[in-house]
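Student: I would like the atomic coordinates for the input below:
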Amino acid sequence: MWDGHDGMGWWMLFGSVWFVILWGLIIWAVVTVVSKAGGGRSSEGSREDSPLEIAKRRYARGEITKDQFDQIRRDLGET
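Tutor: Residues are numbered from 1 along each chain as shown. Just a heads-up that it's a prediction; the model follows:
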């Protein structure tokens with residue numbers, strides 16, 4: 001009744017290839033979602049800016065006045 005069927009033959013190889021492709025796609029999708037959720041920052045941009053750099057940017061954008069910027073600079077001990 002089951003003579004001549006020693007395993008799955010070439011179907012086993014075909015299934016294995018699809019299994020590897022499936023896991024590759026799943027891993028790729030997870031990495032893509034995680035990198036997009038993390039903002040996709042590069043290692044160069046991952047360093048934190050100093051408080052003075054943040055104050056300079058805020059002053060340049062007009063978020064703080066010159067007096068406020070000077071006060072922040074004095075508070076930080078910068079000249």
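Student: in this structure, what spans have low per-residue confidence?
Tutor: Low-confidence segments of the chain (pLDDT under 70): 1-11, 39-46, 79.
Student: The residue positioned nearest the centre of it: what's it in contact with?
Tutor: Nearest to the mean C-alpha position of the chain, by CA atoms, centre = their mean, lies residue 35 at 2.9 Å. Listed by CB atoms under 8 Å, 6 or more residues apart in numbering, the contact set of residue 35 is empty. Glycine gets a C-beta too; all of them are placed from N, C-alpha and C.
Student: got it, and residue 49?
Tutor: Going by CB under 8 Å, 6+ apart, residue 49 touches residue 57.
Student: From residue 47, how far off is the residue nearest to the centre of the chain?
Tutor: For residue 35, the distance to residue 47 equals 18 Å [CB to CB, to the nearest Å].
Student: Angles on the backbone of residue 76, please.
Tutor: Backbone torsions for residue 76, taken as degrees, to the nearest 10, come to phi -80, psi -10.
Student: same thing with residue 50?
Tutor: phi -70, psi 160.
Student: could you point out which element follows the helix or strand harbouring residue 24?
Tutor: Assigned by DSSP states H and E, residue 24 belongs to helix 10-37. Counting by DSSP H and E, the next helix or strand C-terminal to helix 10-37 is helix 51-61.
Student: and that next one, what does it pack onto?
Tutor: helix 66-75 (3 or more CB pairs under 8 Å, 6 or more residues apart in numbering; DSSP states H and E).
Student: and the helix it packs on, how far from the chain's centre?
Tutor: Once both centres are worked out by CA atoms, centre = their mean, to the nearest Å, helix 66-75 turns out to sit 34 Å from its chain's centre.
Student: What are the buried residues along it?
Tutor: Across helix 66-75, burial judged by 16 or more other CB atoms under 10 Å covers 69, 72, 73.
Student: Against residue 52, how distant is residue 58?
Tutor: The gap separating residue 58 from residue 52 is 11 Å, by CB to CB.
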